[in-house]
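S.K.: Predicted structure and sequence below. I'll ask about it afterward.
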Amino acid sequence: MDINTVELVKKHNFRFSKSLGQNFLVDQSVLNDIVQGAEISEEDHVIEIGPGVGTLTKELLKKAKKVTAIELDSDLIPILTEELGQDEKFTLIHKDALKVDFNELITEGESVKLVANLPYYVTTPIIATLLNEGYDFKSLTIMIQKEVAERINANPSTKEYGALSLLVQYYCNSEVIRKVAPSSFMPRPKVDSIVIRLDKLPKPKVQVKDEKLFFRVIRESFNMRRKTLSNALKSLKLPKEVLDNAFENSNIDSRRRGETLSIEEFAVLSNHIYEGIKLI
Ligand code: SAM
């Protein structure tokens, strides 16, 4: 029989590190729902970020073709090696997930799914890196803070809507799998959590001529949320007529605030700015 998180923590006399976002799952129903929600099959290479003592990893190994786990904490490496090292389907990488080149882990043509109970202190940079680098993941099934899930799924003109909403909605469809209460973890976090699956779209949601510029326009528009677009986008340091023409050609009132623009409007606006820059 599998031994559970509490027993593993005791057996190895493991000391939790707050700064590494270590809240381990102790609730079997959540583990089951993550594995089921991730729709893992025998074809899949699962990449897990932050395996902890390997409780979720063990469940993933039962379903997947292979599991590659990336763990930063040196204290967890011998524990994971002892508990899971015998399994031929298991590979452990001792590294900061933000410094991993995932292309080195992925073989062309294989079906790769990322699964993680993410350390909350790096949730947004990890999501941003995984999406921006264009890695060939089919989906990302991740446990995140409830507030982050709300930002991901937010619509224009809400206070949750921002650069993260647009980044994720540009690349993915999302589906909330379930809510998770603090009591499902040890130690208990102070916040509620959500398991969400982000399915990569075959092509981005909107067509943009220059992705870097599109995301820069978005970033600047939200940098000072209370500013009008014409004020916020001054930071792009473009000739006034480039911006004026872009607003006019996009049919977007420059007195609007960035937070009111849909993803389609950001695409049209940044495409017109791109055209204007080309003419300078
Ligand atoms: N998967 C386990 C579970 O569900 O019980 C543990 C999840 S815990 C929320 C987050 C894990 O990520 C911890 O094991 C922590 O050491 C690891 N971690 C923290 N920062 C990391 C980083 N930058 N790269 C890789 N792993 C990291």
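M.R.: Arrived safely, thanks for sending.

S.K.: neighbours around the closest residue to the ligand within the chain, how many?
M.R.: Closest approach of the chain to the ligand (CB to the nearest ligand atom) occurs at G50, with a separation of 2.1 Å. C-beta: built from backbone N, CA, C; applies to glycine. The burial count assigned to G50 is 24, neighbours taken as other CB atoms under 10 Å.

S.K.: now do D27
M.R.: 17.

S.K.: do the same with F16
M.R.: The burial count for F16: 15, using other CB under 10 Å.

S.K.: which residues sit in contact with it?
M.R.: 22, 24, 187 (CB atoms under 8 Å, 6 or more residues apart in numbering).

S.K.: Give me the subset of these lying in helices.
M.R.: When those are checked against helices (DSSP state H), there are no matches.

S.K.: Just the pLDDT for the residue of the chain closest to the ligand.
M.R.: Predicted confidence (pLDDT) for G50: 98.

S.K.: any chance you could map the strands in the stretch 1-150 of the chain?
M.R.: Using DSSP state E, counting those that start in this stretch, the strands found in the stretch 1-150 of the chain span residues 24-25, 44-49, 66-71, 90-94, 111-117, 139-145.

S.K.: Quick one: check the fourth one for contact with the ligand.
M.R.: No: no part of strand 90-94 sits close enough to the ligand to count as contact by CB under 6 Å from any ligand atom; the gap is at least 8.8 Å.

S.K.: Flag every buried residue along that strand.
M.R.: 90-93 (16 or more other CB atoms under 10 Å).

S.K.: circling back: got a markdown table for the strands of the stretch 1-150 of the chain, with distance to S165 too?
M.R.: Output for those, formatted as a markdown table (distance: least, CB to CB, whole Å):
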| stretch | distance to S165 |
| --- | --- |
| strand 24-25 | 27 |
| strand 44-49 | 22 |
| strand 66-71 | 26 |
| strand 90-94 | 31 |
| strand 111-117 | 20 |
| strand 139-145 | 13 |
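
S.K.: Nearest spatial neighbour of the most centrally placed residue in the chain, chain-adjacent residues omitted?
M.R.: Residue closest to the average C-alpha location in the chain (CA atoms, centre = their mean): I127, at 2.5 Å. Leaving aside its sequence neighbours, I127 sits nearest to V168 (CB to CB, 6 or more residues apart in numbering; 6.9 Å).

S.K.: Report how many residues lie close to the one you found.
M.R.: A count of nearby residues for V168, using other CB under 10 Å, gives 23.

S.K.: With F247 instead?
M.R.: 20.

S.K.: What's the end-to-end length of stretch 114-122?
M.R.: In stretch 114-122, first residue to last residue: 16 Å (CA to CA, to the nearest Å).

S.K.: what residues does it touch?
M.R.: Contacts for stretch 114-122 (CB under 8 Å, 6+ apart): 19-25, 34-35, 38, 40, 46-50, 52, 56, 60, 97-98, 126, 130, 137, 139-145, 189, 191.

S.K.: hmm, which of the residues you listed are the buried ones?
M.R.: The buried subset of the contacts of stretch 114-122 - by 16+ other CB under 10 Å - is 20-25, 34-35, 38, 40, 46-50, 52, 56, 60, 97, 126, 130, 137, 139-145, 189.

S.K.: thinking again about what came up before, out of the contacts of F16, who's near the ligand?
M.R.: Filtering the contacts of F16 for proximity to the ligand by CB under 6 Å from any ligand atom leaves 22, 24.

S.K.: Adding pLDDT, write the contacts of F16 out as CSV.
M.R.: Output for the contacts of F16, formatted as CSV (pLDDT from 0 to 100):
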residue, pLDDT
Q22, 98
F24, 97
P187, 97
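
S.K.: Count the neighbours of the closest residue to D87 other than its chain neighbours for me.
M.R.: Using CB to CB, 6+ apart and skipping the chain neighbours, the partner closest in space to D87 is L61 (5.8 Å). L61 has 21 neighbours, counted by other CB under 10 Å.

S.K.: Before I go, just wanted to say thanks for your time.
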